[in-house]
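> Okay, predicted coordinates and the sequence, questions at the end:
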Amino acid sequence: MKPGLRIRQRGFTLIELLIVIAIIGIIASMLIPNLLDAMQKAKQKRTMADMRLVGSAMFAWLTDEAGAAAAGQQATTIDLADYGTAVTPDDVAAVLVPTYLQYVPVRDGWKNDFDYYLKTGDPFARQVMAIGSPARDTTYDSGPYTVSGFDPTDYDRDIIWADGFFVRWPQSQQ
């Protein structure tokens, strides 16, 4: 090799690598919050869809049993305590599967158990059926619930369906 000739090494300099890492960090900081929000929205939508499905089946059962005596009677406030003791998904399945549903969902989108209320012995009662989801925070708000929607990005708010209507729901969902 001739003296004075330098062999140029190939590769990236430390500055170039730091710039690339900084750019990747900036992009990740913009995308990750949106991804997390999208995952929570998907769980919320799944919960609403499952509640709507079971609620429709409950209403079909009520129509067959009582001729939909409670149809159109929506209260302005709902207290789940008025619906009695929650029943198990197996109790609901015994009434609704296979005539009205293929299966009864046990858990909401956040993997919390749904709370089902169904008065099979008194379909003419004022409060016959309800479904509750405590949402992401796993605990129910203190009742009674006023019939109203809420900010769809508040994933800790309970979602409640009762007697044919959503009582508490993410506003843009319905």
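Cool, the structure landed.

> For Asp91, give me its contacts.
The neighbourhood of Asp91, defined by C-beta atoms under 8 Å, 6 or more residues apart in numbering, consists of Tyr116, Leu118, Thr120. Glycine gets a C-beta too; all of them are placed from N, C-alpha and C.

> how many neighbours does the nearest residue to the first one once chain neighbours are set aside have?
Looking back up the chat, that one is Tyr116. Leaving aside its chain neighbours, Tyr116 sits nearest to Val92 (4.8 Å; criterion: C-beta to C-beta, 6 or more residues apart in numbering). The number of residues packed near Val92 is 26, by other C-beta atoms under 10 Å.

> next structured bit after the helix or strand harbouring Val92?
Val92 is part of helix 89-96, with elements assigned from DSSP states H and E. Sequence-wise, the next helix or strand downstream of helix 89-96 (DSSP H and E) is strand 115-118.

> show me where pLDDT drops low in this structure?
1-9, 66-75, 173-174 (pLDDT under 70).

> roughly how far apart are Tyr116 and Gly84?
Per C-beta to C-beta, to the nearest Å, Tyr116 is found 11 Å from Gly84.

> the helices in the chain, which residues?
14-66, 89-96 (DSSP state H).

> For the helix holding Val92, buried residues please.
Pro89, Val92, Ala93, Val95, Leu96 (16 or more other C-beta atoms under 10 Å).

> now that helix, how far from the chain's geometric center?
Between the centre of helix 89-96 and the centre of its chain there are 21 Å (C-alpha atoms, centre = their mean, to the nearest Å).

> swap in stretch 49-66?
A distance of 18 Å separates the centroid of the chain from that of stretch 49-66, by C-alpha atoms, centre = their mean.

> Over to stretch 126-146?
With C-alpha atoms, centre = their mean as the basis, stretch 126-146 stands 12 Å off its chain's centre.

> buried ones in stretch 79-86?
Quick answer for stretch 79-86 (16+ other C-beta under 10 Å): Leu80, Asp82, Tyr83, Gly84, Ala86.

> unless I'm mixing things up, the first one is touching Gly132, no?
Yes. In this structure, Leu80 is within contact of Gly132 by C-beta atoms under 8 Å, at 6.0 Å.

> what sits in contact with each of these two?
Shared contacts of Leu80 and Gly132, defined by C-beta under 8 Å, 6+ apart, are found at Asp115, Tyr117, Tyr140, Ile160.
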